[in-house]
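A.B. asks: All I have is the shape, not the residue letters:
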């Protein structure tokens, strides 16, 4: 059975995302000192670092990651190590431009952000498997390693691609799901508006049409896209389990209905070793505390009542989100406190410090936060995942 508790932690984890590659190495010692002052016990690192770890095809630079993991370990801080497969390097896209996703309108996205991935693309899958393997071989038995963090927020910002590779993959999914084209026609009600298909090869993704498209086709394409993302997660998870046995594997969910409605999180909850959830409070006047409570309850449901983790709960503005203004420090404990009943494993924050290149950065590299509240520092009374999970 896979481990369902962060390795090496006897108390609840408290910390956040840490991106040391965005800052000069000369400040790392001070970062870690501030972490210890804040009571941090675990940080997530390496989630967006593929371009640094593999600067050219087959050429690797793990030196900086060795040093920061070593520094964290020396200071008693555990590591949730990311596989950086949410952000392939530019050299990958130059070699495989077809791995960039295509919209329903037929527009192919370009490099320059994150999550620009066609998850049906065989070259992407091979490259993702390779970097995950390299990381597991190098760090799988490192004493600082507490858990693995695969990819980042699957389904955001691209939940589906509509390219020809995805079209072929979708047809195979339909054949496995329905068996025959007649069964597809029956399920989709294609007699309406003369949409009947003569063969599975006639079916494409639900691309832009002159008017309302077939809702059955659109729903099945969402199911297919979700299953494709999950296939890729499971591929990486299985590599990590094989090469680093005993170290739990997770990925961060976004269960709030306002954040990601394209993922079947209950299906995903059966695949991760620990359910973790991100929640970004939008401080634009809406009743965001209601959304937070709903997300916490959904997370508990996804985890089947087992302990989970609140992963990204930023205490201040986050890059790219115009309506997440800084909150007074006195209110920072509100989010982990609200999610405590649903996620009593690890209250963590997103981006413990602002990136060095972020415009108008309003916080230091690592925020000076209060020490964990008694709830955050207490042992979980529900320490075992149900055996049926």
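C.D. replies: The structure has been received and is ready for your questions. Because the structure is predicted, anything quoted here is derived from the model rather than measured. Numbering: from 1, shown residues only.
A.B. asks: Tell me which stretches of the stretch 151-300 of the chain form strands.
C.D. replies: Under the criterion DSSP state E, counting those that start in this stretch, the stretch 151-300 of the chain contains strands at 249-250, 252-253, 276-278.
A.B. asks: just these: most buried one?
C.D. replies: Stretch with highest mean neighbour count among the strands of the stretch 151-300 of the chain: strand 252-253 (a mean of 27; mean count of other Cβ atoms under 10 Å). From N, CA and C alone the C-beta is placed, and that goes for glycine too.
A.B. asks: can you give me how far that strand is from the chain middle?
C.D. replies: Per Cα atoms, centre = their mean, to the nearest Å, the displacement of strand 252-253 from the mean C-alpha position of its chain is 5 Å.
A.B. asks: Show me what that strand is packed up against.
C.D. replies: Secondary-structure packing of strand 252-253 (3 or more Cβ pairs under 8 Å, 6 or more residues apart in numbering; DSSP states H and E): strand 276-278.
A.B. asks: contacting residues for the residue lying closest to residue 161 once chain neighbours are set aside?
C.D. replies: Nearest residue to residue 161 in three dimensions, chain neighbours excluded: residue 101, at 3.7 Å (Cβ to Cβ, 6 or more residues apart in numbering). Contact analysis of residue 101 by Cβ atoms under 8 Å, 6 or more residues apart in numbering lists 108, 109, 116, 117, 118, 158, 160, 161, 162, 163.
A.B. asks: Could you pick out the buried ones from those residues?
C.D. replies: 109, 116, 117, 118, 158, 160, 161, 162, 163 (16 or more other Cβ atoms under 10 Å).
A.B. asks: okay, residue 93: pLDDT?
C.D. replies: At residue 93, the pLDDT value in this model is 98.
A.B. asks: Begin at 636 from now on, thanks
C.D. replies: Noted, 636 is the first residue going forward, which turns the last one into residue 728.
A.B. asks: where does the closest residue to it other than its chain neighbours land on pLDDT?
C.D. replies: In space, and not counting its chain neighbours, residue 728 is closest to residue 746: 4.8 Å by Cβ to Cβ, 6+ apart. What the model reports for residue 746 is a pLDDT of 96.
A.B. asks: can I get the strands of the stretch 786-935 of the chain in a markdown table with mean pLDDT and distance to residue 700?
C.D. replies: Output for the strands of the stretch 786-935 of the chain, formatted as a markdown table (pLDDT from 0 to 100; distance: least, Cβ to Cβ, whole Å):
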| stretch | mean pLDDT | distance to residue 700 |
| --- | --- | --- |
| strand 884-885 | 96 | 18 |
| strand 887-888 | 94 | 20 |
| strand 911-913 | 89 | 21 |
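A.B. asks: Output those strands in JSON lines, with distance to residue 926 appended to each entry.
C.D. replies: Output for the strands of the stretch 786-935 of the chain, formatted as JSON lines (distance: least, Cβ to Cβ, whole Å):
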{"stretch": "strand 884-885", "distance to residue 926": "22"}
{"stretch": "strand 887-888", "distance to residue 926": "15"}
{"stretch": "strand 911-913", "distance to residue 926": "12"}
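A.B. asks: So residue 692 sits against residue 728, correct?
C.D. replies: No. Counting by Cβ atoms under 8 Å, residue 692 stays clear of residue 728, with 11.9 Å between them.
A.B. asks: which of the two has more neighbours?
C.D. replies: Between residue 692 and residue 728, counted using other Cβ atoms under 10 Å, the more crowded position is residue 728 (19 against 11).
A.B. asks: Give me the distance between the lengthiest helix in the chain and the centre of its chain.
C.D. replies: The helix that spans the most residues within the chain, counting by DSSP state H, is helix 850-878. What separates the centre of helix 850-878 from the centre of its chain is 13 Å, taken as Cα atoms, centre = their mean.
A.B. asks: by contact count, what packs against it?
C.D. replies: If you count contacts as 3+ Cβ pairs under 8 Å, 6+ apart, helix 850-878 packs onto helix 757-774, strand 780-785, helix 799-813, helix 816-823, strand 884-885, helix 900-904.
A.B. asks: cutoff 10 Å now
C.D. replies: For helix 850-878, the packing partners by 3 or more Cβ pairs under 10 Å, 6 or more residues apart in numbering; DSSP states H and E come out as strand 713-718, helix 757-774, strand 780-785, helix 799-813, helix 816-823, strand 884-885, helix 900-904.
A.B. asks: tell me the angle the second one makes with helix 850-878.
C.D. replies: To tie it back to what came earlier, the one meant is helix 757-774. Between helix 757-774 and helix 850-878, the angle comes out at 30 degrees (axes from the mean of the first three to the mean of the last three Cα atoms, to 10 degrees).
A.B. asks: Give the buried residues for helix 757-774.
C.D. replies: So for helix 757-774, counting by 16+ other Cβ under 10 Å, buried means 759-760, 762-764, 766-771, 773-774.
A.B. asks: Adding pLDDT, write these out as TSV.
C.D. replies: As requested, these are exported to TSV (pLDDT from 0 to 100):
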residue	pLDDT
759	98
760	98
762	98
763	98
764	98
766	98
767	98
768	98
769	98
770	98
771	98
773	98
774	98
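A.B. asks: ok, those vs residue 853, which is closest?
C.D. replies: Nearest to residue 853 among those is residue 759, at 24.2 Å by Cβ to Cβ.
A.B. asks: now the closest one, nearest residue through space, not along the chain?
C.D. replies: Of all residues not flanking residue 759 in the chain, residue 734 sits nearest, at 4.6 Å (Cβ to Cβ, 6+ apart).
A.B. asks: Mind listing the residues bridging to residue 717?
C.D. replies: Going by DSSP bridges, residue 717 is paired in beta bridges with residue 784.
A.B. asks: pretty sure it contacts residue 704?
C.D. replies: No. Residue 717 is not in contact with residue 704 according to Cβ atoms under 10 Å; the separation is 11.9 Å.
A.B. asks: Give the residues shared as contacts by these two.
C.D. replies: Residues touching both residue 717 and residue 704 (Cβ atoms under 10 Å, 6 or more residues apart in numbering): 680, 681.
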